[in-house]
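A.B. asks: Make a model of this:
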Amino acid sequence: RAMKMYLISDNVDTLTGMRLAGIVGIVVHEKQEVLEALENAASDPDVGIILITELLAEKVEQELKEIRLDRNKPIVTIIPDRHGERRPSDYITNYIKESIGLKI
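C.D. replies: Alright, predicted model coming up:
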């Protein structure tokens, strides 16, 4: 059985683009809507990867950390939206330093 990807987006354009690639999803804006969408996607046994736009990920940062720590939940990947990357250019480097204390 193939694992599906699910998009949680804050804009219709990103969802439309993903639908062209065969990825289903939802457009939400408020924190409670984001949390409900996350819970629904995370509890769906067919969803293997949840894609979430950066703006929404910032709204539910703590909840995302909890999902990422649960090995039984799907992988959560934060993606830039149509406005481009919101994170600083050295985000990945800083994330690695913070996660494992390794300087690169």
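A.B. asks: Other residues contacting the host helix or strand of Tyr6?
C.D. replies: Here Tyr6, judged by DSSP states H and E, is contained in strand 4-9. By CB atoms under 8 Å, 6 or more residues apart in numbering, the residues outside strand 4-9 that reach it are 14-15, 18, 23-28, 34, 37-38, 41, 44, 46-53, 56, 74, 81. C-beta: built from backbone N, CA, C; applies to glycine.
A.B. asks: Give the buried subset of those residues as a PyMOL selection command.
C.D. replies: Those of the contacts of strand 4-9 that count as buried under 16 or more other CB atoms under 10 Å are selected in PyMOL with:
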select buried, resi 14+15+18+25+27+28+34+37+38+41+47+50+51+52+53+56+74+81
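A.B. asks: just to revisit the earlier point, can I get the strand holding Tyr6 in PDB, CA atoms only?
C.D. replies: Below are the C-alpha coordinates for strand 4-9, written out as PDB (Å, rounded to 0.1, in the frame of the first residue of the first chain):
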ATOM      1  CA  LYS A   4       0.200   9.400   0.600                       C
ATOM      2  CA  MET A   5       1.400  12.900   1.100                       C
ATOM      3  CA  TYR A   6      -1.000  15.500   2.600                       C
ATOM      4  CA  LEU A   7      -0.600  19.300   2.400                       C
ATOM      5  CA  ILE A   8      -1.700  21.800   5.100                       C
ATOM      6  CA  SER A   9      -1.400  25.200   3.400                       C
END
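A.B. asks: quick one, phi/psi of the one residue sitting closest to the centre of the chain?
C.D. replies: In the chain, the C-alpha nearest the mean C-alpha coordinate belongs to Ile52, at 2.7 Å (CA atoms, centre = their mean). Backbone dihedrals for Ile52, given as degrees, to the nearest 10, come out at phi -140, psi 140.
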